[in-house]
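Peer 1: quick one: sequence and predicted model below, then my questions.
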Amino acid sequence: MGREKEQVPMSYLKKSTSSKIFDVCNTLFMIMFCITILFPLWDVIVRSLSRPQDISYMSLNLIPKKLTLDAYEYCLENEGLLGAVFMSVARTAVGTVIHLCVVSLAAYALTRPKMPFRNLIQTYLLIPMFMNAGIIPTYINIKNLGLTNSFWVYVLPTSFTIFNCIIVRNYFYSIDKSMEESASIDGASQFKIFRSIILPLSKPVLATVALWQLVGQWNAWFDNMMYNSQNSKLLTLQYMLRRMMERLNTSGTSGVSGVDAMGVTVDASEDTVKAAITVLVVLPIVCVYPFIQKYFVKGIMVGAVKG
């Protein structure tokens, strides 16, 4: 009798008809959504692996008619590419680490109740979110600071953003204050509390901000063109690929085959090279994202709502 009472009626385990219909419609919608999102990327990959004459502009490009790596060879055989890759990786790594350090320290300071003029500082920091001076004053400031033709022009101007600071600050507000109070009673300093309690508990929001900064640093090319275009040792991958596209356009090799201005044999069109460049730029971000995505949703939700 006791076992019979413990058994759950089957009617409670069965889903209603409306619930089943919703699940089916939701599944179909998500499948269509994934196809809509993934197909443009797949089309770009197929174009990058195809010959120019095999690309169809009026129908779907599902698989390459004849597999070729000519577009990638054109991109990878250019002189200075390895140096540009190293520069992009260096600016991304250094810029992301410095940004996380500055933003997390600033956010922690803004959560301290005893910080002098805290509200005034927060209001002052919000002003650049709504207005900025523009490109010319920014260029003049960076030139006066001596950052032109240097690696640090890639890192220092983006070392702090108020938007990321607010996200991190709001997440810090969600952390249980009792742990900080216990550590403070035991004699821990503010820096030790920050390092030993706040940072370990803030992995989701820090991973989220790191991903944003990583993508921004990796894709950046405008600052290279503005401040370091004359220094070949400081060229980034994105700016070099952009210049490569410009050379391909001006050399008259927009057809099926030919030799470009650098003497590299090209069996690719502007479209196939552009597709190969897109894949080369996007691939590192796609490889990194799976390791961060488990923190992404939690970091966004808590950082945007709390506080």
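Peer 2: In hand now; what should we look at?

Peer 1: list the buried residues in the host helix or strand of residue 43.
Peer 2: For residue 43, the host element (DSSP states H and E) is helix 17-48. Within helix 17-48, the residues that count as buried by 16 or more other CB atoms under 10 Å are 44, 45, 46, 47, 48. Just so you know, the C-beta spots here come from the backbone N, C-alpha and C atoms, and that holds for glycine as well.

Peer 1: now these in TSV, with pLDDT and distance to residue 243?
Peer 2: Below are the buried residues of helix 17-48 laid out as TSV (pLDDT from 0 to 100; distance: CB to CB, whole Å):
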residue	pLDDT	distance to residue 243
44	87	20
45	89	23
46	89	26
47	87	21
48	87	19
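
Peer 1: element containing the most centrally placed residue in the chain, please.
Peer 2: In the chain, the C-alpha nearest the mean C-alpha coordinate belongs to residue 215, at 2.2 Å (CA atoms, centre = their mean). Element membership of residue 215, judged by DSSP H and E, is helix 203-219.

Peer 1: swap in residue 271?
Peer 2: helix 270-305.

Peer 1: so what's residue 94 up against?
Peer 2: residue 155 (CB atoms under 8 Å, 6 or more residues apart in numbering).

Peer 1: any low-confidence regions in the chain?
Peer 2: Screening the chain residue by residue with the criterion pLDDT under 70, one finds the ranges 1-14, 57-59, 249-268, 294-307.

Peer 1: give me the domain ranges for it.
Peer 2: Per automatic domain parsing, the structural domains of the chain span 2-69, 73-305.

Peer 1: and the helix holding residue 43, what does it pack onto?
Peer 2: helix 270-305 (3 or more CB pairs under 8 Å, 6 or more residues apart in numbering; DSSP states H and E).

Peer 1: ignoring the adjacent residues along the chain, who's closest to the residue nearest to the centre of the chain?
Peer 2: Leaving out its chain neighbours, the residue that sits closest to residue 215 by CB to CB, 6 or more residues apart in numbering is residue 285, at 5.8 Å.

Peer 1: just to check, that neighbour is in contact with residue 216?
Peer 2: No. The criterion here is CB atoms under 8 Å, and residue 285 misses it with residue 216 at 10.6 Å.

Peer 1: how about the strands in the chain?
Peer 2: Secondary structure of the chain (DSSP state E): strands located at 258-259, 265-266.

Peer 1: so what touches stretch 237-247?
Peer 2: By CB under 8 Å, 6+ apart, stretch 237-247 touches 75, 78, 80-81, 84-85, 87-88, 218-221, 224-225, 229, 260-262, 270, 273-274, 277, 280-281.

Peer 1: hang on, the earlier thing: what's the spacing between the residue nearest to the centre of the chain and residue 88?
Peer 2: Separation of residue 215 from residue 88 (CB to CB, to the nearest Å): 12 Å.

Peer 1: before we move on, the earlier item: can you add distance to residue 240 and give the buried residues of helix 17-48 back as JSON lines?
Peer 2: Shown next, in JSON lines, are the buried residues of helix 17-48 (distance: CB to CB, whole Å):
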{"residue": "44", "distance to residue 240": "19"}
{"residue": "45", "distance to residue 240": "21"}
{"residue": "46", "distance to residue 240": "25"}
{"residue": "47", "distance to residue 240": "21"}
{"residue": "48", "distance to residue 240": "17"}
